[in-house]
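Novice: The following block contains a protein sequence and its predicted model.
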Amino acid sequence: MSNNNDLFGGAASRKAPAAKAAAAKAPAAAPAPKRPTSGTPGEADYNASSIEVLEGLEPVRRRPGMYIGGTDEAAMHHLFAEVLDNAMDEAVAGHATWIDVTLEPGDWLTVIDNGRGIPVDPHPKFPKKSALEVIMTTLHAGGKFDSGAYQTSGGLHGVGVSVVNALAETLEVEVARGQVLYRQVFQRGVPTTKLETIGKAPNRRGTKVRFRPDEQIFGKGLHFKPARLFRMARSKAYLYGGVEIRWHCAPELIEAGSAITAEAVFRFPGGLKDYLAQDIEGKDLVVDQPFTGKVEKPGGHGSVEWAVTWLAGDDGSVHSYCNTIPTPDGGTHEAGLRIALLRGLKDHADRIGQT
């Protein structure tokens, strides 16, 4: 007869008789030691009130590593990448032609673009909030899911700029749309002002995001590195030849002897070809001209661009990107390029009898 209190369905009662007899003859077992609880509540104390629900941007502040990889210097600079990527998405979509980046004392960083500007009308799902406030304070809110606002984009999850807002001590947004300038301010992800109408802006359009990372998250010892921001901004200009990125940095922030300048303009019409030329400058090559090209997907739904050359005396390297976002771990796009190159070279060798 089974024991109804046995969670394993009376397994002990189904043992063979011989096993039962053997168990009866065995000496009594010592009492089982109590399990350590490590300070956790017992079963009676573990109830619905033990389940914590984080709302808004609180999950980002509690676990920033889940969103930007940590709280170190690389993570702090990732905030800049998120804001810059949003501006780049406007450029890639054909709505912005320039992006302005400014680093000021006190780790204040500003990114401006001349794109369409974040929508400021009331959101249909949250009629008491503007779309701008929803985007800045809600995870997974944006125009890059299935709305048709972007055919291609670097961000696909709607968390980028809201994560920056959550991890910023202060973040200010200005939007110029319909010849009107709007502004809203946030602190640690929480609005401190309503969406304000500043006034007319007849000669301006686009979005301006100015923010300062939160010392509560990153500590007092971390600061933006001008050289790192400089390289990040320049690389974006290489990756999309149709955009101009303007760099500004307070001179007192630049270390003596640094190769970067306080003012610069990055524009590379050749795109990846210019990027490769800069990367291999001064090195011996197997061929004089790089193998470059670009193919548009039928219907205008994306494209693929490449630039390849062969070095005579150095080991090769690959830098791959998807929608201007670095993909250091590779992917099908990188694997496909390698396979295509291998097949092409092998086919050529077969034709000229050098296999």
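Specialist: Structure's in. What do you need?
Novice: quick one: low-confidence ranges for the stretch 251-355 of the chain?
Specialist: Counting by pLDDT under 70, the stretch 251-355 of the chain has low-confidence residues at 300-301.
Novice: quick one: the helices in it?
Specialist: Under the criterion DSSP state H, counting those that start in this stretch, the stretch 251-355 of the chain carries helices at the ranges 272-279, 332-351.
Novice: Which of those has the highest mean neighbour count?
Specialist: Neighbour counts (mean count of other Cβ atoms under 10 Å) averaged over each of these peak at helix 272-279, with a mean of 18. For the C-beta atoms, the positions are set from N, CA and C on the backbone; glycine is no exception.
Novice: Just send the helices of the stretch 251-355 of the chain back as JSON lines, with distance to residue 208 too.
Specialist: Putting the helices of the stretch 251-355 of the chain into JSON lines (distance: least, Cβ to Cβ, whole Å) gives the following:
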{"stretch": "helix 272-279", "distance to residue 208": "28"}
{"stretch": "helix 332-351", "distance to residue 208": "33"}
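Novice: Among those, which comes closest to residue 140?
Specialist: Residue 140 sits nearest to helix 332-351 of all the helices of the stretch 251-355 of the chain, at 24.9 Å, using Cβ to Cβ.
Novice: Export only the CA atoms of that closest one, formatted as CSV.
Specialist: This file holds the C-alpha atoms of helix 332-351, laid out as CSV (Å, rounded to 0.1, in the frame of the first residue of the first chain):
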residue,chain,number,x,y,z
THR,A,332,26.6,34.2,-40.4
HIS,A,333,27.6,37.4,-42.3
GLU,A,334,31.3,36.9,-41.4
ALA,A,335,31.2,33.2,-42.0
GLY,A,336,29.5,33.7,-45.4
LEU,A,337,32.2,36.1,-46.5
ARG,A,338,35.0,33.7,-45.5
ILE,A,339,33.3,30.8,-47.4
ALA,A,340,32.7,33.0,-50.5
LEU,A,341,36.3,34.2,-50.6
LEU,A,342,37.6,30.6,-50.2
ARG,A,343,35.4,29.3,-53.0
GLY,A,344,36.3,32.2,-55.3
LEU,A,345,40.0,31.8,-54.8
LYS,A,346,39.8,28.0,-55.2
ASP,A,347,37.8,28.4,-58.4
HIS,A,348,40.3,30.9,-59.8
ALA,A,349,43.2,28.6,-58.9
ASP,A,350,41.4,25.7,-60.7
ARG,A,351,41.0,27.8,-63.9
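Novice: how about the strands in the stretch 101-250 of the chain?
Specialist: 108-113, 168-177, 180-187, 190-191, 196-200, 206-213, 244-249 (DSSP state E, counting those that start in this stretch).
Novice: now these in CSV, with mean neighbour count?
Specialist: Listed next are those as CSV, based on neighbours: other Cβ atoms under 10 Å:
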stretch, mean neighbour count
strand 108-113, 21
strand 168-177, 21
strand 180-187, 18
strand 190-191, 14
strand 196-200, 11
strand 206-213, 22
strand 244-249, 20
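Novice: give me the low-pLDDT residue ranges for this structure?
Specialist: 1-41, 51-55, 141-159, 300-301.
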